[in-house]
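Participant: Sequence and predicted structure below; questions after.
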Amino acid sequence: MSNNVAAQKRTVAASTKKEGLSVQNLILVAVLIAAGAVLKLTVSSFLSFAGMKPNFMIAMYCLAIILTRPKMLQSVVIGLLVGLVSQLPMLNATPLVNIASEMLGALVCGLLVTAFVKVAADNKAFQNVAAPAIITFLSTVVSGYTFALIAGVAVAHLSPIAVFGVYAVMVFGTATMNAVLAAILTPVLRAVLKR
């Protein structure tokens, strides 16, 4: 009997459950948020066209979420951090509005990352270019319209329906610029970071 027990193959089940962002992922998130703030302060004004310009803060937190694949709550916290960083006077002309808009944008980003990973996990081309573009576009639209609704209704006293028309070109233009940026940077960062 003891020979049979000794002869049996022993296996150890490794837990693959993700408990949270690793230190390396947290550093990546912090670096991307900081890069987004610096780019928004410096480059964003030069890329302005007809009132539209890339919002590097949104593009960078989308990249952070795409690359690190955090849990939903962690995605929202990333959005909260970006919203708080956006409160610096040089980054924001409308105090506190970015907190809500970036949290919702990050939530949408986290949901879409989770959905696309499940739907097209084996399609590397889609995961490297198309998915980041779609995710960043939709996250920017949600963030942009959340910002526009709060600012448009509270500050400009527009009706919620009017906000969608008035801000459409700006929101969709910015979303397109951010989507192109994400589609370009995601495969580059994945190659550099070996993800």
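Facilitator: Received it, and whenever you're ready, just let me know what you need.

Participant: Nearest the middle, which residue of this structure would you pick?
Facilitator: residue 62 (1.8 Å; C-alpha atoms, centre = their mean).

Participant: helices and strands around the longest helix along the chain, which ones?
Facilitator: Using DSSP state H, we find that the single longest helix of the chain is helix 168-193. Contacts defined by 3 or more C-beta pairs under 8 Å, 6 or more residues apart in numbering; DSSP states H and E place helix 168-193 against helix 56-68, helix 131-154. All C-beta spots, glycine's among them, are computed from the backbone N, C-alpha and C.

Participant: Check the offset of the first one from the chain's centre.
Facilitator: Here helix 56-68 shows a centroid-to-chain-centroid distance of 4 Å under the convention C-alpha atoms, centre = their mean, to the nearest Å.

Participant: Which strands or helices does the next helix-or-strand element following that helix pack on?
Facilitator: As assigned by DSSP states H and E, the chain's next helix or strand after helix 56-68 is helix 72-85. If you count contacts as 3+ C-beta pairs under 8 Å, 6+ apart, helix 72-85 packs onto helix 23-42, helix 56-68, helix 97-119.

Participant: I would like the residues contacting helix 72-85, please.
Facilitator: For helix 72-85, the surrounding residues in contact (C-beta atoms under 8 Å, 6 or more residues apart in numbering) are 20-21, 29, 33, 36-37, 57-58, 60-61, 64-65, 70, 91, 98-107, 109-111, 113-114.

Participant: If you count neighbours, what's buried in it?
Facilitator: Neighbour counts over helix 72-85 (16 or more other C-beta atoms under 10 Å) mark 74, 75, 76, 77, 78, 79, 81, 82, 83, 85 as buried.

Participant: Tell me the spacing between the second one and residue 46.
Facilitator: Translated: residue 75. Computed as C-beta to C-beta, to the nearest Å, the residue 75 to residue 46 distance reads 30 Å.

Participant: Same question for the fifth one.
Facilitator: Here the distance between residue 78 and residue 46 works out to 27 Å (C-beta to C-beta).

Participant: same question, the third one
Facilitator: Taken as C-beta to C-beta, the spacing of residue 76 relative to residue 46 amounts to 32 Å.

Participant: quick one, what contacts the closest residue to residue 104 other than its chain neighbours?
Facilitator: Distances taken as C-beta to C-beta, 6 or more residues apart in numbering place residue 146 nearest to residue 104, at 5.0 Å, with adjacent residues excluded. Residues counted as contacts of residue 146 (C-beta under 8 Å, 6+ apart) are 100, 101, 104, 105.
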